[in-house]
Structure formats: structure tokens, C-alpha cells
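**Student:** Give me coordinates for this.
(one chain, ligands or ions: 1)
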Amino acid sequence: MSKHGVHVATPGIRWTRRCALGVTLLLGLAAAQPAAAADPVKLRIATAAVESDWHARMLEVFEQKLDELAPDQFDVEIHLNATLFKQGTEPVAMQRGNLEMALISAQDIAKQIPAWSVFTSGYLIRDPQHQQAVFESEIGDEYYAMVEEQMGIHILDVAYLGTRQLNLVPDIEVKTPADLEGISLRMPGSDAWQFLGTALGANPTPMAFTEVYTALQTGAVDGQDNPLPTDKAAKFYEVTSQIVLTGHLVDGVFVALAADVWNGLTDEQKRALEEASDAAVAYNNENRIKDEADLVAFFEGEGLKVYEPDVDSFRERVQKMYLESEFSKDWPEGIVERVNAVE
Ligand code: KDO
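**Tutor:** Below is the predicted model:
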């Protein structure tokens, strides 16, 4: 094309044996050259996290670390606020080859592997250190292997999402589960999440995370449960009056990627991904744990009531309901005792 944008006709080339020989020589030369650098591996990461929450920020740490360890080998794209895939649909997107990476929950996994529902159960994991220890133990190896074999998803790590607390609009006093009777509590949309709401004594309402702020604001629901750092990041404190420190679920998100993508990497690339994920999780956990300790004062400053209920009454009811539930029939023999025994 000329600089004026007009196509200039190329004088016709007459195809002769000499031309053919020249092409063969050229092709041979090209084959002798070192292989051109492979295209970077695309890693689109999907999550419902909001920008200022620690599990969103840790993805930037992941991207930077990966670039340091394996420059130009990965092309990371971070998609927050469930903009790429709806919350809870990420595992299937990875299984269908439509997504490379996501932060997924035990509740998402339990939809396909019922044995995983043990990790959706309230008052089982004691604290963030216990969570790390459990998933670094043989239990973690076994549970991650199930996900790899049965779902074709490779888990790199668990990141501490925080300890879930109740966050309510009405100005009521909550001491025991009985005080939640008739309270419509937004829970994420899956059976495992809904059951947790019922076990707490409330009326669970399924709803995606992205709709929660408006639902609280308009009174469509009476409350929601999330860890304190998420209540701050998603600004739920602007539209609620109290936080009840039930501490009912020590929650985590799993840093996961499609096994097909994982299996296509070199050993060096795999090591780089593992190291970058470890760095990201360490950053998330450290900041989130510190935040949880500091945030009560922040919410009180915003005018919310923050108090402890009779936690034992919640623990007793929730544990009993899980053990008697349909979910527990799918738990491997002795798993609760093994989890409890991890120091
Ligand atoms: C939520 O929807 O309440 C939840 O906390 C559930 C988690 O599993 C996770 O999906 C999280 O939302 C999102 O990452 C947003 O913080």
C-alpha cells in the first residue's frame, strides 16, 4: 500500500523451477534458525472480589511476582467484580476451557464433589493458622487431588478470606440463633451456603455478591454475612446498623487454574506460578488478619453497633445441624476428627 493508501499492483512473478528451489532453500534456512520465543501463556483470572479487598489486591502481587520470576512468559489479566464470569460459575468456565484461572470457594467445589462440603461447615476450621495447617497437611493433598482428578482443576493455594460475621440492617439484639428467626439473610446462591444460613437460625435468601449492597439499602434483605475486611471494602457498613461477631465460618478462597493449562506448562513455569501464588497468599493473609483486628474500631466510628453474641449457642446449633445433615453423609469417615486433630 502506498503512503496515500492506494494499492500498488505487484508485478506478476513467473513461477519457475529456479523460484521453487529458492523457496526450498529459504525454508531450510528458516528451519535452522532457533525457534522464535513462544507466545506468553494467557492467564485470565476471574473473581467477584471488589478492587480494594485483599484477595483482589493479592492478584496484583501475583502478577508482579510472576513477571519477575518468568518475564514475558505469562500474560495475566485480572477481572474483578464478577465481570468476566458470574460468581460461582468460574469452575465450570475453567472446565469448559473458557477461563484459565479463578478464586473459587469450597461451596463451588462441593457442588461437584460432595466430600468437599465438610469445608463449608460452620465452626469447623478454628482460625486462619488452622486453615493453612489443614490444607498444607495430607488432608489438603487428598482434597486437592480430588479436585484435580474429578474436576480437571489444579489448586495452587488457599487464601484466607476472613472469618464471617453477621451484618444486619434492623436494630435488634442478637444473642442466640433464636433471635434470627424471621430474619432474611442474604447468602451466596448454592445449597451449601443456604444451609449455613438456616443453621444459623435465619431465613437464607440466595443472591450474588454484586447485588448485596443495593439489597441491604432497599430493605430487600435484612442482612448478610461476610468477613470484616469485605464489609469495609464493599461498603456494607454504609447501609447496615450492626455487626454480630458470630465468627461462624473461617472462610477461604482457593487459587485455582484449569488443569489443561497447568499441564501445558514447563516445570520452571509451574514453579514460578507456585511461588507467585505463595507470595500473593502471604500478602493477603498478613494484611487481612491485621485488618480483622483493627476494623471493629472503624465500624464503631461509622456508627455501627459491634458486639459478641452467645457464640457457644451458635456453635452448638450449627455443629449439630451439620452433623445431622445430608451433607455429612458424603464426608469421608473420620474427616472431622482428622481436621480437629491438626494443630
Ligand atoms: C460472598 O458472596 O459473600 C463471598 O464472600 C463468597 C466467597 O466465596 C467469595 O466468592 C466472595 O464473596 C467474593 O470473592 C467477594 O469478596
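**Student:** For my notes, confirm Q165 occurs in a strand.
**Tutor:** Yes - according to DSSP: H, G, I helix; E, B strand; the rest coil, the state of Q165 is that of a strand.
**Student:** Could you look up the SS state of V61?
**Tutor:** At V61 the chain is in helix, as set by three-state DSSP.
**Student:** What residue in the stretch 151-300 of the chain comes nearest to the ligand?
**Tutor:** For the stretch 151-300 of the chain, the residue closest to the ligand is F209, as judged by C-beta to the nearest ligand atom, at 3.5 Å. For every residue, glycine as well, the C-beta is placed using N, CA and C.
**Student:** cool, and the stretch 51-200 of the chain?
**Tutor:** S105 (3.4 Å).
**Student:** Can you report how many residues lie near the nearest residue to that residue once chain neighbours are set aside?
**Tutor:** Nearest residue to S105, sequence neighbours excluded (C-beta to C-beta, 6 or more residues apart in numbering): V253, at 5.9 Å. Neighbourhood size, V253 [other C-beta atoms under 10 Å]: 24.
**Student:** quick one: buried residues of the helix or strand harbouring A192?
**Tutor:** Using DSSP states H and E, A192 falls within helix 191-199. Buried residues in helix 191-199, counted by 16 or more other C-beta atoms under 10 Å: 192-197, 199.
**Student:** Stretch 64-84 now?
**Tutor:** Using 16+ other C-beta under 10 Å as the test for burial, stretch 64-84 gives 65-67, 69-70, 73-74, 76, 78-80, 82, 84.
**Student:** Repeat that for stretch 130-148.
**Tutor:** Across stretch 130-148, burial judged by 16+ other C-beta under 10 Å covers 130-135, 137, 139-140, 143-144, 146-147.
**Student:** from those residues, which are also near the ligand?
**Tutor:** Residues of the buried residues of stretch 130-148 in contact with the ligand (C-beta under 6 Å from any ligand atom): none.
**Student:** among those residues, which are in strands?
**Tutor:** With strands taken from DSSP state E, there is no overlap with the buried residues of stretch 130-148.
**Student:** List the contacts of V147.
**Tutor:** 109, 113, 116, 153-155, 256 (C-beta atoms under 8 Å, 6 or more residues apart in numbering).
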